[in-house]
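Peer 1: next come a sequence and a model predicted from it.
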Amino acid sequence: MDQEKVEFSLNKLLPNVLPEHITGIAFDVHHTAPKVFTLYALFGVSDDYWESLDHINRAALLHDTKMKLKEKAKGYANINIVFDKDNTRMIKQSDFDR
């Protein structure tokens, strides 16, 4: 699959399969290896839920979200994605909307 088709597919898929408490996603796709696409992603999390989490649980939520979306992309669209560890993060929804 070429990058354009992958971007189109992920733009349709990912916003519809976000895990609970994830309110939005913005991402950029890069074709980084044969049959592998790297996402630079920003996830929005509801403000109340974000404030209720400590640092460790925020990291766990990010990891869980990345794993679930990776599985969904592979299962629904047969796209192998990885998330860039330095350019993928979560923020409160109120900051995400800016």
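Peer 2: All right, it came through fine.
Peer 1: strands along this protein, start to end?
Peer 2: 22-33, 36-45, 81-83, 89-92 (DSSP state E).
Peer 1: H55 is nearest to which of those?
Peer 2: Each of the strands of the chain has some distance to H55 by Cβ to Cβ; the shortest is strand 89-92, at 11.8 Å. In short, each C-beta sits where N, CA and C put it, glycine included.
Peer 1: residues in contact with that closest one?
Peer 2: Around strand 89-92, the neighbours that count as contacts under Cβ atoms under 8 Å, 6 or more residues apart in numbering are 22, 41-47, 50-51, 58, 61-62, 65.
Peer 1: what about it, distance to the chain center?
Peer 2: In terms of Cα atoms, centre = their mean, to the nearest Å, the gap separating the centre of strand 89-92 from the centre of its chain is 11 Å.
Peer 1: name the strands paired with it and say parallel or antiparallel.
Peer 2: The strands that strand 89-92 pairs with in its sheet are strand 36-45 (parallel) (by DSSP bridges).
Peer 1: taking strand 22-33 as reference, get the angle to the strand it pairs with.
Peer 2: When axes from the mean of the first three to the mean of the last three Cα atoms, to 10 degrees is applied, the directions of strand 36-45 and strand 22-33 differ by 160 degrees.
Peer 1: pull the CA atoms of strand 36-45 into PDB?
Peer 2: Extracted as PDB, the C-alpha positions of strand 36-45 are listed here (Å, rounded to 0.1, in the frame of the first residue of the first chain):
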ATOM      1  CA  VAL A  36       5.700  -0.300   8.000                       C
ATOM      2  CA  PHE A  37       4.300   3.100   8.600                       C
ATOM      3  CA  THR A  38       5.300   5.300  11.500                       C
ATOM      4  CA  LEU A  39       2.800   7.600  13.100                       C
ATOM      5  CA  TYR A  40       3.600  10.900  14.900                       C
ATOM      6  CA  ALA A  41       0.500  11.200  17.000                       C
ATOM      7  CA  LEU A  42      -1.200  13.400  19.500                       C
ATOM      8  CA  PHE A  43      -4.100  12.100  21.600                       C
ATOM      9  CA  GLY A  44      -6.700  14.200  23.400                       C
ATOM     10  CA  VAL A  45      -7.900  12.900  26.700                       C
END
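Peer 1: thank you kindly, that will do.
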